[in-house]
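A.B. asks: Show me how the following folds:
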Amino acid sequence: MIFIWVCIIFFGLLGIGGAVMSVITGKDKMTKYGGAIACLLVAGMICFGLHWWLYDTESGERAQKNFKSQTSGGLYRIVKVYDMQGEQIAEYKGKFDVAEDHLDGVTKIKFDADGKRHIIYSSTGTVIIDEIGEEKDD
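C.D. replies: Coordinates of the predicted model:
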């Protein structure tokens, strides 16, 4: 998310800089103001597109949620682990970040809860991870 804002600021400043340079170095009115308008329009479209992606698309919202999870110690979640027969064998509640890796058809889910590292290989059962929004005592 910070990267997107850095890009928005960068392209905005680049557009303004290009417009100023066009006005300073242009030989006639068309070159000066046409180049300035073109720089500002292109930079504006890029900034608008980045802003639109970040706030108006699901992938942008997921990127924001991932950023929040990674920078604030995670999100409040409940992780439930079931064996192959569907019996619940473990449950973890708390605020934590979840990482997953996929290798050779096996998904490895890793997180820290209650001060301990948990690694679950989902090839031996089912793992359900729900965000609960805030800590709840159920």
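A.B. asks: going forward, measure contacts between C-alpha atoms and count neighbours the same way
C.D. replies: Fine.
A.B. asks: after the longest helix along the chain comes which helix or strand?
C.D. replies: Identified as the longest helix of the chain according to DSSP state H is helix 29-56. Sequence order places helix 58-71 as the next helix or strand after helix 29-56, per DSSP states H and E.
A.B. asks: So in that sheet, which strands flank the helix or strand that that next one is followed by, and in what orientation?
C.D. replies: Using DSSP H and E, the next helix or strand after helix 58-71 towards the C-terminus is strand 75-83. Using DSSP bridges, strand 75-83 pairs in its sheet with strand 88-96 (antiparallel), strand 125-131 (antiparallel).
A.B. asks: check contacts around E131.
C.D. replies: L75, Y76, R77, I78 (C-alpha atoms under 8 Å, 6 or more residues apart in numbering).
A.B. asks: Mind doing that once more with 10 Å?
C.D. replies: Shown in contact with E131 (C-alpha atoms under 10 Å, 6 or more residues apart in numbering): L75, Y76, R77, I78, V79, K93, G94, K95.
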